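Chemist: predicted model and sequence follow; I will ask about them next.
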Amino acid sequence: PAFSWAGNDPAINSQIIGKPGQFIDKTLRVYAYNGFRSLTMTTDDSSLATILGGSEFELTEISEAGKTALATRGVTFTEGTPTGNLCKYYITFTSSFLNSLPERATEYVVNVEAVDINGKKGTQPVRIANTDEAIVYADPIIVETELFEKDFTAVSATSASIPLKITNPDVENPMLQYRAGSWESVPVSFTRADIAAVVKVSGLTPSTVYEYRLVAGNLIDGAYEFESGINSFTTESKYIIPNASFEDWGEYTAKTMLGNKTVIYPGLSRESHEDHFWDSGNEGAATANKVLTNKSTDMVHSGTYSARLASDAALGIIAAGNIFTGYYVKTDGTNGVLSVGHTYDGSHPSKLRVYANYRPGDGAIVKGENKQYVDIVNGGSDHGQIYVALTTAPIEIRTNPSNRKLFDKTDMEVLAYGEVTWKEAFGQDGQLQLVEIPLEYNERAKTNKPTHLVIVCSASKFGDYFCGSSKSVMYLDDFELVYE
């Protein structure tokens, strides 16, 4: 006789594992050639016998009343259609039966014994675990490969965080080993109370395939007493931000309410939205003959130029000096519509690095109807801001109060976010200073890969509300994504 689970789930000698309320039907298929002499289901577990209504059932001889009684307790028994000389029986442990079992720290066991017409016998235990404590592992050391592969944040360009489990805390000297060439070992610390761990390995090479495994015990004849299987992962590539040093600048002509205007932008080509990585609000300001963002040689970290973001005012309306990834969509009256976020390779940096200098202007203008949205005061000092995000789509920004939509780090498209806000001057006079902005990944980042990189910089943080100072200036140079 032979046994298998319908759908081959689980493996025939593995436990049925779940939590009460989460089990589904499991059907055990029993096969024998030329017929069965007997098919018996037994249990030595008194509590399980109470639930089943008995400790032994001879299924081939069970009456219809007996089958009905067993079915009411959640176990059904049917005879399958023979295939040639191959005879079949099906025993289904229904979800109602499995979910009704009280939680306990040991497994439930039902033994099924089949004897074929020639007297040959086969036995299959049905093992049910409905708590973590009841799970019996074949291996004392386990790499939780499925968890690892389902978490997009687990591997970056230079690191990997690998989940492990020790099912026998008495196992000595557990180590995670990884290699692109020869094995390197990282000791793993476990306790009896905490048998799971996530081991992070750093200093990896981008775009490289690494093998990894968990080993434990003594090294005997070149092999450890316990070794998990060897699996692999590939580190991500490092994303290089285009025109990060703002050496490339160009011009184009835009139609405005006051005729065609020349607009300066940070880039060389605007044939498509993918061509240019950076953009600014210069097109909107061009209506008033203003240039908010331009190249500068005043303060430079590398190369010839940096980006100078200078807020300004026209007819009493503040326009923030700004630069962002994405493109300026259109001018809506005196308002702007932006698409922030540029297509991206999906990698997972730990932070954004940039060299900056910021001088907040005083005499800030705060429009009364927007007072509730800002934390600057009329006549006070301005604030500057840089924020970075990884998203699953570009984000539209509209500043028109009638349909205003601003960036929100809690939006479903946002997977990671970081920001810095300056309420005072940043950097020494005439010098750029390094600033690093850590990225914080949310839970959605584990199951969604980023497709767009958002970087938004503003000399007047509340420029979207037309609040701020016309004297605020920010310099930026050498953006870089950092992988640690």
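Modeler: Yep, it's here.

Chemist: and for the residue of the chain positioned farthest from its centre, nearest residue in space, chain neighbours not counted?
Modeler: Ranked by distance from the centre of the chain (Cα atoms, centre = their mean), the top residue is Asn118, with 56.7 Å. Excluding the flanking residues, the one nearest Asn118 by Cβ to Cβ, 6 or more residues apart in numbering is Asn34, at 7.1 Å. In short, each C-beta sits where N, CA and C put it, glycine included.

Chemist: next SSE after the lowest-mean-pLDDT helix or strand in the chain?
Modeler: Every helix and strand in the chain was compared by mean pLDDT, DSSP states H and E; the lowest is strand 141-143, with a mean of 80. Sequence-wise, the next helix or strand downstream of strand 141-143 (DSSP states H and E) is helix 145-150.

Chemist: so how far is that next one from its chain's centroid?
Modeler: How far helix 145-150 lies from its chain's middle: 12 Å, per Cα atoms, centre = their mean, to the nearest Å.

Chemist: quick one: buried residues of that helix?
Modeler: If you call a residue buried by 16 or more other Cβ atoms under 10 Å, then helix 145-150 has these buried ones: 147-148.

Chemist: and stretch 2-15, by the same measure?
Modeler: Buried, per 16+ other Cβ under 10 Å, within stretch 2-15: 3, 5, 15.

Chemist: put together JSON lines for these, with pLDDT on each row.
Modeler: As requested, those are exported to JSON lines (pLDDT from 0 to 100):
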{"residue": "Phe3", "pLDDT": "93"}
{"residue": "Trp5", "pLDDT": "91"}
{"residue": "Gln15", "pLDDT": "90"}
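
Chemist: what's the closest of the residues you listed to Lys295?
Modeler: Relative to Lys295, the closest of the buried residues of stretch 2-15 is Gln15; by Cβ to Cβ it sits at 66.3 Å.

Chemist: surely that closest one touches Val136?
Modeler: Yes - contact criterion Cβ atoms under 8 Å: Gln15 and Val136 qualify, at 6.4 Å.

Chemist: overlap in contacts of these two?
Modeler: 107, 127, 129 (Cβ atoms under 8 Å, 6 or more residues apart in numbering).

Chemist: what pairs with the last one across the strands?
Modeler: With beta bridges defined as DSSP bridges, Ala129 has these partners: Ile17.

Chemist: contact partners for it?
Modeler: Residues near Ala129 by Cβ under 8 Å, 6+ apart: 15-18, 107-108, 135-136.

Chemist: go again with 6 Å.
Modeler: Applying Cβ atoms under 6 Å, 6 or more residues apart in numbering, we find Ala129 in contact with 15, 17, 107, 135.

Chemist: Ala65 belongs to a strand?
Modeler: No - in this structure, Ala65 is helix, not part of a strand, as judged by DSSP: H, G, I helix; E, B strand; the rest coil.

Chemist: quick check: it vs Thr72, distance?
Modeler: Computed as Cβ to Cβ, to the nearest Å, the Ala65 to Thr72 distance reads 11 Å.

Chemist: surely the residue nearest to Asn118 is in contact with Ile117?
Modeler: Yes - under the criterion of Cβ atoms under 6 Å, Asn34 is in contact with Ile117, at a separation of 4.7 Å.

Chemist: Ala65 and Thr72: which is more packed in?
Modeler: Comparing Ala65 with Thr72 by other Cβ atoms under 10 Å, the one with more neighbours is Thr72, at 11 against 8.

Chemist: measure that one to Glu113 for me?
Modeler: For Thr72 relative to Glu113 (Cβ to Cβ), the value is 24 Å.

Chemist: what does Ser347 give?
Modeler: 56 Å.

Chemist: now the phi/psi pair for Lys446, please.
Modeler: Backbone geometry at Lys446, expressed as degrees, to the nearest 10, gives phi -70, psi -30.

Chemist: just list the residues touching it, thanks.
Modeler: Per Cβ under 6 Å, 6+ apart, neighbours of Lys446: 151, 153.

Chemist: pLDDT score for it?
Modeler: Looking at Lys446, its pLDDT reads 95.

Chemist: leaving out sequence neighbours, find the closest residue to Ile376.
Modeler: Ala364 (5.0 Å).

Chemist: ramachandran angles for that neighbour?
Modeler: Here Ala364 shows phi and psi, under degrees, to the nearest 10, equal to phi -60, psi 140.

Chemist: tally of neighbours for it?
Modeler: 25.

Chemist: number of residues surrounding Asn370?
Modeler: Asn370: 15 surrounding residues under other Cβ under 10 Å.

Chemist: what of Ile230?
Modeler: Ile230, neighbours per other Cβ under 10 Å, totals 11.

Chemist: isn't it right up against Arg213?
Modeler: Yes - using Cβ under 6 Å, Ile230 is in contact with Arg213, at 4.9 Å.

Chemist: quick one: secondary structure of Gln177?
Modeler: strand.

Chemist: quick one: the helices in this protein?
Modeler: Taking DSSP state H as the test, the helices found in the chain are 46-52, 64-72, 95-100, 145-150, 282-286.

Chemist: buried deepest among those, which one?
Modeler: helix 282-286 (a mean of 24; mean count of other Cβ atoms under 10 Å).

Chemist: who's in contact with that helix?
Modeler: Residues contacting helix 282-286 (Cβ under 6 Å, 6+ apart): 254, 256, 261, 263-264, 292-293, 319, 328, 331, 336.

Chemist: have a look at Ser347 and Glu113 and say which one is more surrounded.
Modeler: Neighbour count, other Cβ under 10 Å: between Ser347 and Glu113, Ser347 has more, with 21 against 16.
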